[in-house]
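J.: I would like to see how this sequence folds:
(2 chains)
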Amino acid sequence: AQSVTQLDSQVPVFEEAPVELRCNYSSSVSVYLFWYVQYPNQGLQLLLKYLSGSTLVESINGFEAEFNKSQTSFHLRKPSVHISDTAEYFCAVSLKGAQKLVFGQGTRLTINP
Amino acid sequence: GAGVSQTPSNKVTEKGKYVELRCDPISGHTALYWYRQSLGQGPEFLIYFQGTGAADDSGLPNDRFFAVRPEGSVSTLKIQRTERGDSAVYLCASSLEGTSGSYEQYFGPGTRLTVT
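T.: Residues are numbered from 1 along each chain as shown, chains lettered A, B, ... in the order given. Below is the predicted model of the structure:
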């Protein structure tokens, strides 16, 4: 069975600083990879996903994640964060041809002015 | 268009009671999912419907939990003889289809269940 580990439960950073949220997964077969974001008092929203092709994927609000098969990682990065990025971020995987998402425990990103 | 809606938003019940949680998916979405999120954890898969049938119920924790989707749209998650450990946020999601795993799942706001 596949599993997802988010190594940091909380990440505090200053505004305009870079940030990396780490995600590692384990699976014996090919997977799809996702990052979901949950802003305060809102539901989960898809931030970005890797299905195939280029290993670097980007979101519309400046986040990017890179699929690294050899390290079984899908870390999320942003070069300069804003207060509005304060949220909880969840990494998730699904097996190709399957349906359910397996989520990590989440990383709470806090932006300090 | 309207997103996934869930009712009620909050439910407080006594231990041993029966509860029903409702999910209205996005119109046209054939796949529907239920997840459970306990405090400080990521969502945990419960069950997945493709149309009217439960295609994967491997995440249901025990036989007190049951879900239906009789007309392929609205779904109800039913919990019998509730226990305090059932307290969590129950999330519903829908997608255009589910067989490939590649379609985005759209999540509802959740129902917060508290068992006292």
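J.: Pick out the residue nearest the middle of the chain.
T.: In the absence of a named chain, this looks at chain A. Centroid-nearest residue in chain A, with C-alpha atoms, centre = their mean: A:W35, separated by 3.6 Å.
J.: Chain B was what I was after
T.: Centroid-nearest residue in chain B, with C-alpha atoms, centre = their mean: B:W34, separated by 3.0 Å.
J.: Is it part of a helix or strand, or is it coil?
T.: For B:W34, the secondary structure call by DSSP: H, G, I helix; E, B strand; the rest coil comes out as strand.
J.: quick one, what contacts A:V19?
T.: A:V19 makes contacts with A:V11, A:V13, A:R77, A:K78, A:V81, A:D85, A:L109, as judged by C-beta atoms under 8 Å, 6 or more residues apart in numbering or on different chains. (Glycine included, C-beta is placed from N, CA and C.)
J.: Bridged to it, which residues?
T.: For A:V19, the beta-bridge partners are A:K78 (DSSP bridges).
J.: and the one residue in chain A that gets nearest to chain B, how far is that from B:A88?
T.: Distances between chain A and chain B by C-beta to the nearest C-beta are smallest at A:F103, namely 3.3 Å. Shown here: A:F103 relative to B:A88, a distance of 13 Å by C-beta to C-beta, to the nearest Å.
J.: higher neighbour count, the two?
T.: Legend: neighbour count by other C-beta atoms under 10 Å in any protein chain shown for A:F103 and B:A88, higher for A:F103 (23 against 20).
J.: Just to be sure, the residue nearest to the centre of chain A is in a strand?
T.: Yes: the assignment for A:W35, made by three-state DSSP, places it in a strand.
J.: contacting residues for it?
T.: In this structure, A:W35 makes contact with A:23, A:46-49, A:59, A:63, A:65, A:74, A:76, A:89-92, judged by C-beta under 8 Å, 6+ apart.
J.: The same query, at a cut-off of 6 Å, please.
T.: Counting by C-beta atoms under 6 Å, 6 or more residues apart in numbering or on different chains, A:W35 touches A:L47, A:L48, A:A65, A:L76, A:C91.
J.: now, the most widely separated pair of these?
T.: A:L48 and A:C91 (10.7 Å; C-beta to C-beta).
J.: between the two, which one's more packed in?
T.: The residue with more neighbours, out of A:L48 and A:C91 and counting by other C-beta under 10 Å, is A:C91; that gives 29 against 19.
J.: And the nearest residue to that one once chain neighbours are set aside, what's its pLDDT?
T.: Setting aside the residues directly before and after it, A:C91 is nearest to A:C23 in space (C-beta to C-beta, 6 or more residues apart in numbering or on different chains), at 3.5 Å. A:C23 is assigned a pLDDT of 97 by the prediction.
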